[in-house]
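*Asks:* requesting a structural model of the entry that follows:
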Amino acid sequence: MPWNGLSSSCRRPICANSPLMRASSLGRNASSAWRRRALSCLVALGCMVGLLATRPARGAVVERVVAVVGEHAILLSDLRSRGRPFLLRIHRELPPGAQRTAAVSQMYKLLLDRMVEEQLQQRAANKLHIVVAPQEIDQAIARIAAQNGLTSLQIVQEAARSGMNEAEYRREIRRQLLDAKMLNLRLQGRIRITPGDLKAAYAQIARDERKKLWFRAAWIVLDAPRSSRTKSRRARDLAERLVARARRGTDFAALAREHSNDDESRKHGGLLGKLRFGTLPRTVDLAALSLDVGEVSAPVRDGDRIVIVKLVQRQQSSLPSFEEAAEELNQRVYMEKMNEARRHWLEGLRRTTHVEVRL
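*Replies:* Residues are numbered from 1 along each chain as shown. Next up, the predicted model:
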């Protein structure tokens, strides 16, 4: 969530406890757990919410420049100050050792990249005389608090528990507001969402959900050694005929008993046990994933075999219908397109500005 829904003119991300998100791979957590994560997100950098954090190591801080953007230098002390909330979390959640060290290193790398982007945005904002007023920050904090059923004071207290004082939290809100203003200025009216975009997004969510659902399938396995072109071609021709017959209504179990070379499943009409994605060979798994109940796949190759799959049963989906999910899908696609446009815009700023990272 790059902007946490801070700008009234910037579309909000899909609510994490909506029906669509609960059914997708992104939204299966209980609402109380989501609320705790949402509060953590409010006091963390939008792009860095997934990072773990820890208590800062003790020792002398040697000041140095870790990046240069145009004429502006980003100092090590600035980076460490911004990283403190994440560092605290890393220390709480990871024991001393290689994993903690790697997490700290990755956190500083991503954070410095974000600070470079922020400086690029600030330079662009200065040229356009775009500012964020203190009252806008107050209003943004009030909106965040209302969205989470808290007061502004409680939001600030949550920030403090994460290692970010009120001044630092307000600076973070200001950065996110400026980010939203710059994007709205450059991209307002330029983001177009087509019905095809919405259908593709829904299909991807449904596909992600299917990977988590159990299913039952039957298959017909034909020997098709790659070493023998003749046998391989005959197996392919037979497989295509069997698919055509099965799709016309011929009993799949009877075809499996007559033609399958898999002894174990053949006696059961090709029927396999209850499965989950990742159980079958990769090509067969993907074929089963694309099927609706009752459908028969095209022939797929698995090494020296050709396989035909029929989906017999799948665990019931909890996804709302496409029509019911249309509004949330629109928000999801909008945010994805905005993030992609933001990435391209920042890449353009980098190309026209001297940027040197020294970390």
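*Asks:* and residue 143, how many neighbours?
*Replies:* Counted by other C-beta atoms under 10 Å, the residues lying close to residue 143 total 17. The way it works is simple: take the backbone N, C-alpha and C, and place the C-beta from them, glycine included.
*Asks:* run through the strands of the stretch 251-359 of the chain in chain order.
*Replies:* According to DSSP state E, counting those that start in this stretch, the stretch 251-359 of the chain carries its strands in the segments 271-275, 300-302, 305-314, 355-357.
*Asks:* and these as TSV, adding distance to residue 132 and mean pLDDT?
*Replies:* TSV is the format used below for the strands of the stretch 251-359 of the chain (distance: least, C-beta to C-beta, whole Å; pLDDT from 0 to 100):
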stretch	distance to residue 132	mean pLDDT
strand 271-275	53	93
strand 300-302	55	96
strand 305-314	50	97
strand 355-357	23	94
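*Asks:* distance to residue 68 and mean neighbour count added to the ones you listed, as CSV?
*Replies:* Listed next are the strands of the stretch 251-359 of the chain as CSV, based on distance: least, C-beta to C-beta, whole Å; neighbours: other C-beta atoms under 10 Å:
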stretch, distance to residue 68, mean neighbour count
strand 271-275, 55, 15
strand 300-302, 53, 18
strand 305-314, 55, 22
strand 355-357, 4, 14
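*Asks:* among those strands, which is nearest residue 327?
*Replies:* Closest of the strands of the stretch 251-359 of the chain to residue 327 is strand 305-314, at 26.6 Å (criterion: C-beta to C-beta).
*Asks:* how about the strands of the stretch 251-359 of the chain, which one is nearest residue 246?
*Replies:* Closest approach to residue 246 among the strands of the stretch 251-359 of the chain (C-beta to C-beta): strand 305-314, 6.8 Å.
*Asks:* what pLDDT does residue 37 get?
*Replies:* At residue 37, the model reports a pLDDT of 40.
*Asks:* residue 108 too?
*Replies:* With respect to pLDDT, residue 108 has a value of 95.
*Asks:* give the burial count for it, as a bare number.
*Replies:* 19.
*Asks:* so what's it up against?
*Replies:* By C-beta atoms under 8 Å, 6 or more residues apart in numbering, the contact set of residue 108 is 79, 83, 359.
*Asks:* select, out of the strands of the stretch 251-359 of the chain, the one closest to residue 122.
*Replies:* Across those, residue 122 has its closest neighbour in strand 355-357 (13.3 Å, C-beta to C-beta).
*Asks:* on that earlier part again, just the buried residues of the contacts of residue 108.
*Replies:* Listed as buried from the contacts of residue 108 are 79, 83; burial here means 16 or more other C-beta atoms under 10 Å.
*Asks:* mean confidence for stretch 143-159?
*Replies:* Across stretch 143-159, the per-residue pLDDT values average to 91.
*Asks:* got it, and stretch 113-129?
*Replies:* Mean predicted confidence for stretch 113-129 is 93.
*Asks:* residue 98 versus residue 326, what's the distance?
*Replies:* Residue 326 sits 47 Å away from residue 98 when distances are taken as C-beta to C-beta, to the nearest Å.
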